[in-house]
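In: Coordinates only, no sequence provided:
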């Protein structure tokens with residue numbers, strides 16, 4: 001297990017690492033930060049020579065494309081602008097990384113994903129197999145969300161969460177988020193007396209409350225809240241996540257010297273399928289349950305119709321749904337055994353009452369415990 005931030009770049013502790021780069025580091029005044037990119041490529045070569053396999057998750061396509069097309073608001077004024085900017089910028093981004101890595105003896109590959117590629121189990125396994133084969137060959141996969149086709153409703157929305165999902169798919173031991181902030185602070189870092197939190201043991205509601213919604217650069221889509229959501233996804237798979245200040249040339253070499261930033265230690269390690277399920281980001285509905293059902297779920301029970309008090313959304317059997325308590329608190333998520341219409345039909349009914357309403361023998365549960373994750 002990785003013990004501290006330096007452990008993420010120690011091959012004895014972390015053999016496979018996902019490194020995520022934010023737009024504000026990669027793009028300055030609409031132009032690629034070539035000196036910074038070359039310094040990072042040098043760092044990545046050193047990691048590969050030490051025996052660490054690397055996956056890059058790189059933002060920057062929208063920012064680069066917006067500058068080339070002269071679009072307002074960094075290309076984020078509308079969905080159409082973002083898609084057009086991404087289409088142009090992704091070509092430039094791929095060229096940047098291919099050239100920079102080649103200068104340091106590394107081969108770049110490009111993988112563009114949509115949220116569906118990692119939400120659908122079969123497509124997720126296909127992505128996992130592709131990453132595995134690329135890493136076996138010594139290539140450096142460069143991953144980004146395919147923003148040219150993603151919609152506002154069906155997308156990751158930030159590359160922090162994407163990096164955590166990619167770490168799951170790649171069976172990585174760690175994720176390193178290179179950011180324009182030094183890590184998680186106990187309050188807005190611009191406030192006097194703000195303290196850097198160096199280690200977090202589990203992302204609790206109290207930790208979430210420390211997050212600032214904003215991104216200091218205005219170029220990217222992810223702020224500290226997105227990074228904490230990424231840490232939650234990572235911890236389900238037993239993956240360590242670190243946030244470090246990436247605003248210096250050679251940021252990984254600098255980390256080796258300072259060890260400064262925030263590390264998030266996983267407090268659980270779900271099996272592969274439950275880690276995938278817990279990391280899914282696009283539930284199609286919400287099932288709200290009563291207090292008695294909350295207690296039963298806490299003890300590892302399945303969700304039964306008798307405990308249901310409200311059903312929201314339109315979904316079919318097998319869809320991902322969020323589970324909420326009677327006060328609206330999130331309990332977890334799972335794969336539902338009934339459509340939304342059927343859930344409403346049997347809401348609050350016990351098993352011996354359900355057949356008359358459904359017209360067939362009821363299933364064992366609305367959401368079975370084997371297809372459910374909490375938190």
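Out: Nice, I can see it. Bear in mind that the values here come from a model prediction, so they are computed numbers and not experimental data.
In: helices and strands around the strand or helix carrying residue 256, which ones?
Out: Using DSSP states H and E, residue 256 sits in helix 251-258. If you count contacts as 3 or more C-beta pairs under 8 Å, 6 or more residues apart in numbering; DSSP states H and E, helix 251-258 packs onto helix 34-50, strand 174-179, strand 240-245. C-beta: built from backbone N, CA, C; applies to glycine.
In: tell me which residues of it are tucked away?
Out: Going by neighbour count (16 or more other C-beta atoms under 10 Å), the buried part of helix 251-258 is 251-255.
In: Out of the helices and strands packed on helix 251-258, which is the most enclosed?
Out: strand 174-179 (a mean of 28; mean count of other C-beta atoms under 10 Å).
In: Which strands or helices does it pack on?
Out: If you count contacts as 3+ C-beta pairs under 8 Å, 6+ apart, strand 174-179 packs onto strand 16-21, helix 159-170, helix 224-236, strand 240-245, helix 251-258.
In: how about those, which one is nearest residue 5?
Out: strand 240-245 (4.9 Å; C-beta to C-beta).
In: What mean pLDDT does the closest one get?
Out: Mean pLDDT, taken over the full extent of strand 240-245, equals 96.
In: same check, this time on stretch 280-293
Out: pLDDT averaged over stretch 280-293 gives 93.
In: Could you check how far that stretch is from the centre of its chain?
Out: Offset of stretch 280-293 from its chain centre (C-alpha atoms, centre = their mean, to the nearest Å): 20 Å.
In: got it, and stretch 167-176?
Out: 11 Å.
In: hey, where'd the helices end up in the stretch 251-375 of the chain?
Out: Under the criterion DSSP state H, counting those that start in this stretch, the stretch 251-375 of the chain contains helices at 251-258, 272-279, 291-298, 340-346, 351-358.
In: before we move on, what about the stretch 51-200 of the chain?
Out: Ranges of helices in the stretch 51-200 of the chain, per DSSP H, counting those that start in this stretch, are 61-69, 79-103, 115-119, 121-137, 159-170.
In: Reformat those helices as TSV; add mean neighbour count.
Out: Shown next, in TSV, are these (neighbours: other C-beta atoms under 10 Å):
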stretch	mean neighbour count
helix 61-69	24
helix 79-103	19
helix 115-119	19
helix 121-137	15
helix 159-170	27
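In: which of those has the lowest average pLDDT?
Out: Lowest mean pLDDT of the helices of the stretch 51-200 of the chain: helix 115-119, a mean of 88.
In: circling back: report the mean per-residue pLDDT for the helix holding residue 256.
Out: Mean predicted confidence for helix 251-258 is 94.
In: Taking strand 240-245 as reference, get the angle to that helix.
Out: 100 degrees (axes from the mean of the first three to the mean of the last three C-alpha atoms, to 10 degrees).
In: outside of helix 251-258, which residues touch it?
Out: Helix 251-258 has contacts (C-beta atoms under 8 Å, 6 or more residues apart in numbering) with 5-6, 8-9, 19, 39-40, 42-44, 46-47, 176, 178, 244-245, 248, 261.
In: again, but for stretch 322-336
Out: Outside stretch 322-336, the residues that touch it by C-beta under 8 Å, 6+ apart are 277-278, 280, 283, 285-291, 294, 297, 303, 309, 315, 317-321, 343, 366-368, 371-375.
In: Recalculate using a threshold of 7 Å.
Out: Applying C-beta atoms under 7 Å, 6 or more residues apart in numbering, the contact partners of stretch 322-336 are 283, 286-291, 294, 297, 303, 309, 315, 317-321, 343, 366-367, 371-375.
In: what do you get for stretch 90-98?
Out: Contacts for stretch 90-98 (C-beta under 7 Å, 6+ apart): 32, 37, 56, 58, 60-61, 64, 108, 110, 112, 142, 144, 148.
In: Quick check: end-to-end length of stretch 12-29?
Out: This stretch, stretch 12-29, spans 39 Å end to end (C-alpha to C-alpha, to the nearest Å).
In: now it: mean pLDDT?
Out: 93.
In: gap between that stretch and the chain center?
Out: 14 Å.
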